[in-house]
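Q: can't give you the sequence, but here's the structure:
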């Protein structure tokens, strides 16, 4: 929820700043009113309108860079490598990310899935495997860092995309060649729409109804929730 | 800005302001979130997909079934269980039970005064208290709400060890039970089967609201009123001093003088028996009834009494309902017996009045509860266990519950937070929510409901059954008595046997001695008591799995033929007294019930169906009385009786007699995060008189005086208007039209409002300024049947909980900033007997030609291919143009970012964004559920079938009376299309040609037409020659007379 608020407010306010004083005054008006309305019930009916318009926002000299964010690698609690597991050992993506075919989240596998094989692998003297074993034995959740993170206001179903015939690599990049996972796509709305407008799987799957499906896929309510 | 397009500019702004708001700590490339997988994935749990658990509703004693929807570890929504006889649908109070599980002031572990205890400490203190009470020769007592099932069985075992059980509820059934005993010698409640009743006469039972078994009665009532179902429309007559939620749906309101109802009922029985020539066993009782005396005592003319008796005798079967709490005076049992006599005389027994073992467990009366409290005060009780009640709030001052509790050595409360009855010696054992633990209930013969944990407990709580099992093991360690039934078999391993078929031997088995936990106790008890009754004796292990999946076992049967045995009628009670000018009617709140949901903010904020007031207590006064007192709109009124006085706001209601004032109960608590200090306690005004025949509290026994107290009451209606200003919003049609004009054959029989018609429009049909939107696959539509809607508000609260709609508090509500997406409009036509309260659930109409869309400067709202009026929060800049242009006032603007208090935030539905300041929101037809259904059906079927759509929205799923049907208008066989093509169907403000996706079916009533109420396309009053309706969804007689198209919903 926190992420949603941040992004929506940001967008709304930036538009109001762009649209000129009329609208932003309107918003400011609300905020002032909100302050005046603080009642003795304030603790029970907590409202977060008080600090939504920080003065920095109106700093016209603020310098920002436009463009896709850099896809730098993110450090993980265990130095897991897809190269070893996928490319060298030939494990199928679906073996660990089995939910991708069934539901919205592909899911990071439960530690028990790792241990299905690693119970048989000697961890001695191999620090990363010892870490894994440690998590398992302590019954502790491995706190992976998210690499691909969609905003909370977006509905996204892996099932629909995977069952529609898309390859994992189309969005996630050549994961089988990554020693450390990176995000290769921007995951921004325009990037999503590029495929929703013209991906070849639409024709393959929907045939004569492909045109209709393309129209449906461009509906905001396909993804925005 | 050269070389940069609009989207990049906005994106830049977004990044800039994001950076700024987070004080430059937000780094785009490092997502803040972790992804935490399971250590070992539980079976059948898939992240992102919901799991459903059948369960047991604890909203009231009725014990309906529910289905809890668990998403990623938390129950995020509850719905009625369609496998339960009372389902589908779940009333508002059932939803509050779910909200209460997330209450911010739930305590975390047992508390003694201000000290937190471990469970081991707490339970050993409990056993110690029991033992020391017994050692001191003092009593051990139980004062709690009605309980059935395994908890009742454990209490039975404890009773064997000396526990004195008192099961009492302020909104109780003791007088009805006493009446069954007197009239028929049956120790059970009559079940009123309304579905086939042609005439329904009620003496104030809140059969659509707080009454025991109201869900089933609501469904029966809706069916009895549906002209398409039974080819008849039931006539409903209410004989009460006040129009409440149930009475508001009556065709005739007979305002008998309070206290005279029993006489009226007897007079009706006498007149009906004369009409029917009744010769049965009760005939001897009828001879002495004086109709003329009843007429003069009640203010109801003899002719009117004859007319009512004629309606009852003339349309079979009928049903006569007893008085409810609000109407229960010192003659509550006499009234209930008189209504049973009416049913006996009319031949309704076994037809609409059925005895089949219905009762909410052990029922004690107010007199029993008071006797226990008196013993407490006398120091005779060493340990008092209080379950679910708040005696210091819910009982009249006369009982002095607080004083009595203070005189007990140890009070143990099973409650999730302290309440008004808690003192610093009270040991509170938090029993958690029904959604977190095993439980069961059985309130009717052969109907068993199983509750199971649908999520991990939010706080350190332990179920009531678990604690009682431990206590029973400690203080009642009975050895098995009968070797044949000594060791009940676990259904997981059991083979069918013929042992344990006789319930009498089974009850003797001390299961608590062998069960190690309460879940096992339930399983063993069901194996011994329920499983042998199931026809065919299914294989035990798979049967138990099926029970868990369905949540309910229903083996119909157990009907008892009731034979009249009473040879004399209970003595009439005393008339209301106290020397006041007005008779005081205190009625249980349809939302807060007896006050148990007062700490649920949604319950406080949901407008009352009659006054549409919220967050407080108010008094209903006849407008003439208000004028006499010179009351201003905001004035406080002082209501005083011999017991004290309260100062509350007032609502001018045409539905109370001039000599009556009605005060809503439930509020006025001293504790509770949201309940504290809200309103005043109406029960404190009662004198504490009882009905001598049953010991029930006489709610209607006190007189009150009114005084203008000035000041600012702070209470305020959501719907300020009573009348519709001639706009034909909530329409009625006559019964004759509804029955004559068959579905699918007739044109509209609903008279609607018309703008003056231009000749060219008559000639060519209306001209649209915009092209017709395309709906290639779906045109989602919804149908509200106003004939079944009774304004209960279940849809409103279900919608709020599904769609993360916040409660905003009394201050913001008074500013008209309500956030609920469904507004239950209440209009009030008619006067006197012809009271005509109309409800209209107003949602976003999902117009095909939506006025809101064209005025949005940023395209945040648009019409999509499924016929939905989409709303994209990210795009919205909050100009509010759309809301200003919406003729239905269906849009809600977020004046603030509502922050959800700790632990309510866990209840948020992750499928829906939470909106914030400056964003417009509205009903989406639960697009998240549609999206999920389309996604899951796409693999097996091209489109979602009608059966999967009918109840898909939260409102439709919640509706207790099946008034809401959802579907795809393009499906010619779909339920919504069929309903929408009914002659009763119309669109709201159809003259605006907005082509909504929402249609309403007019109410069918026996009311005298107020305006245009008598349809037939002749437009009753104001526009005599006008055609039936613009853009009506049914074939019009001619092009000139209407502009109907094949697609009624565009």
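A: Arrived safely. Worth saying up front: this structure is predicted, and the values here are computed from it rather than measured.
Q: my read is residue B:304 is in a strand, agree?
A: No - counting by DSSP: H, G, I helix; E, B strand; the rest coil, residue B:304 is not part of a strand but helix.
Q: Now do the contacts for it.
A: Counting by Cβ atoms under 8 Å, 6 or more residues apart in numbering or on different chains, residue B:304 touches residue B:254. For glycine as for every other residue, the C-beta is placed from the backbone atoms N, C-alpha and C.
Q: if I pick the residue lying closest to residue B:395 once chain neighbours are set aside, what's in contact with it?
A: With Cβ to Cβ, 6 or more residues apart in numbering or on different chains as the criterion, residue B:395 has its nearest non-adjacent residue at 5.1 Å, and that residue is residue B:401. Listed by Cβ under 8 Å, 6+ apart, the contact set of residue B:401 reads B:373, B:391-392, B:395, B:421.
Q: How about residue B:152?
A: Per Cβ under 8 Å, 6+ apart, neighbours of residue B:152: B:361-362.
Q: Now find how far off-centre the helix or strand containing it is within its chain.
A: Per DSSP states H and E: residue B:152 is located in helix B:149-160. Here the centre of helix B:149-160 is set off from its chain's centre by 29 Å, with Cα atoms, centre = their mean, to the nearest Å.
Q: Next secondary structure after that helix?
A: Going down the chain from helix B:149-160, the next helix or strand is strand B:163-167, by DSSP H and E.
Q: returning to that earlier point: in the helix holding residue B:152, which residues are buried?
A: If you call a residue buried by 16 or more other Cβ atoms under 10 Å in any protein chain shown, then helix B:149-160 has these buried ones: B:149-155, B:157-159.
Q: which one of those residues is nearest residue B:175?
A: Closest approach between the buried residues of helix B:149-160 and residue B:175, by Cβ to Cβ: residue B:152, at 21.4 Å.
Q: where do the helices sit along the stretch 651-800 of chain B?
A: Secondary structure of the stretch 651-800 of chain B, counting by DSSP state H, counting those that start in this stretch: helices at B:735-740, B:759-764, B:794-802.
Q: most tightly surrounded among those helices?
A: Ranked by mean neighbour count, the helices of the stretch 651-800 of chain B are led by helix B:794-802 with a mean of 26 (mean count of other Cβ atoms under 10 Å in any protein chain shown).
Q: ok, then the element right after that one?
A: Counting by DSSP H and E, what follows helix B:794-802 is helix B:809-814.
Q: I'd like the helices of the stretch 651-800 of chain B written out as TSV, with distance to chain A and mean pLDDT added.
A: Rendered in TSV, the data for the helices of the stretch 651-800 of chain B read as follows (distance: least, Cβ to the nearest Cβ, whole Å; pLDDT from 0 to 100):
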stretch	distance to chain A	mean pLDDT
helix B:735-740	38	85
helix B:759-764	31	76
helix B:794-802	13	96
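Q: Tell me if stretch B:934-953 is near chain A.
A: Yes - judged by Cβ under 8 Å from any Cβ of the partner chain, stretch B:934-953 and chain A are in contact via B:935, B:938-939.
Q: to the chain's geometric centre, what's the distance from that stretch?
A: Taking Cα atoms, centre = their mean, the mean C-alpha location of stretch B:934-953 is offset from the chain mean by 29 Å.
Q: and it, what's its mean pLDDT?
A: Averaging pLDDT along stretch B:934-953 gives 90.
Q: List the contacts of it.
A: Stretch B:934-953 is contacted from outside by A:157, A:159-160, A:163, B:88, B:777-778, B:780, B:782, B:925-926, B:929-930, B:933, B:956-957, B:964-968, B:971, B:973-976, using Cβ under 8 Å, 6+ apart.
Q: Which ones among the residues you listed lie within strands?
A: When DSSP state E defines the strands, the subset of the contacts of stretch B:934-953 inside them is B:780, B:782, B:964-968.
Q: I'd like to know which of those residues are buried.
A: Those of the ones in strands among the contacts of stretch B:934-953 that meet the buried threshold are B:780, B:782, B:964-968, by 16+ other Cβ under 10 Å.
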